[in-house]
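>>> Give me a model of this one.
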Amino acid sequence: MSKALTYVVFIAIALGGGLVIGFNNLPGEWYQSLAKPPFNPPDWIFGPVWSVLYVLIGIAGARTWLRGHLSIGMLIWAWQMVLNFLWSPSFFGLRMPWAALVVIVLLLALIFAFIANRWKSDRISALLFTPYAAWVGFATLLNSSIVYLN
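Next comes the predicted model:
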């Protein structure tokens, strides 16, 4: 597979998967009825933020793949995608914020593990994950606040 096609495939996996998961797990009335902390952002912000993050995640995944298909970095990248894609069904689909909290804490740990793994060998991929780490860190605080308030 060509280098350009590798990037397209990884961005499609991350962005396409995120869009499919998102559209199949919309917040709805149940989410609107939950008590939320005062720092809860407006609903419209999540789509654009995640779209940008998924592109960055895809680029980092392609870079990691091109440097070693069966590397630890690639394994971490794949598992963080699994957890990323499990969060919305856990929170919105199953309506289980506490289960989603477990998922997001594990996801955040894998994001940091990916950054640490890539830091010396591919600093660009590590840096591409830093906005993702910040957003998921914020989302973890939001998720835990919703669990606490409800």
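
>>> I'd like to know which elements the helix or strand Ile146 falls within is packed against.
Assessed by DSSP states H and E, Ile146 sits inside helix 130-149. Helices and strands touching helix 130-149, by 3 or more CB pairs under 8 Å, 6 or more residues apart in numbering; DSSP states H and E, are helix 46-67, helix 97-118. All C-beta atoms are positioned from the backbone trio N, CA, C, and that covers glycine.

>>> quick check: angle from the helix or strand just after the first one to helix 97-118?
To tie it back to what came earlier, the one meant is helix 46-67. Using DSSP H and E, the helix or strand that follows helix 46-67 towards the C-terminus is helix 72-88. If you take axes from the mean of the first three to the mean of the last three CA atoms, to 10 degrees, helix 72-88 sits at 160 degrees to helix 97-118.

>>> thinking again about what came up before, okay if I get the helices and strands packed on helix 130-149 as TSV plus mean pLDDT?
Shown next, in TSV, are those (pLDDT from 0 to 100):
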stretch	mean pLDDT
helix 46-67	97
helix 97-118	98
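
>>> can you redo those helices as CSV with mean neighbour count and distance to Gly16?
As requested, the helices and strands packed on helix 130-149 are arranged in CSV below (neighbours: other CB atoms under 10 Å; distance: least, CB to CB, whole Å):
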stretch, mean neighbour count, distance to Gly16
helix 46-67, 19, 8
helix 97-118, 19, 19
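
>>> thinking again about what came up before, chain center to the helix holding Ile146: distance?
In terms of CA atoms, centre = their mean, to the nearest Å, the centre of helix 130-149 is set 11 Å apart from its chain centre.

>>> Buried residues of it, list them for me.
132, 135-136, 139-140, 142-146 (16 or more other CB atoms under 10 Å).

>>> which other residues reach that helix?
Helix 130-149 has contacts (CB atoms under 8 Å, 6 or more residues apart in numbering) with 34-37, 39-40, 49, 52-53, 56-57, 91, 97-98, 100-101, 104-105, 107-108, 111-112, 115.
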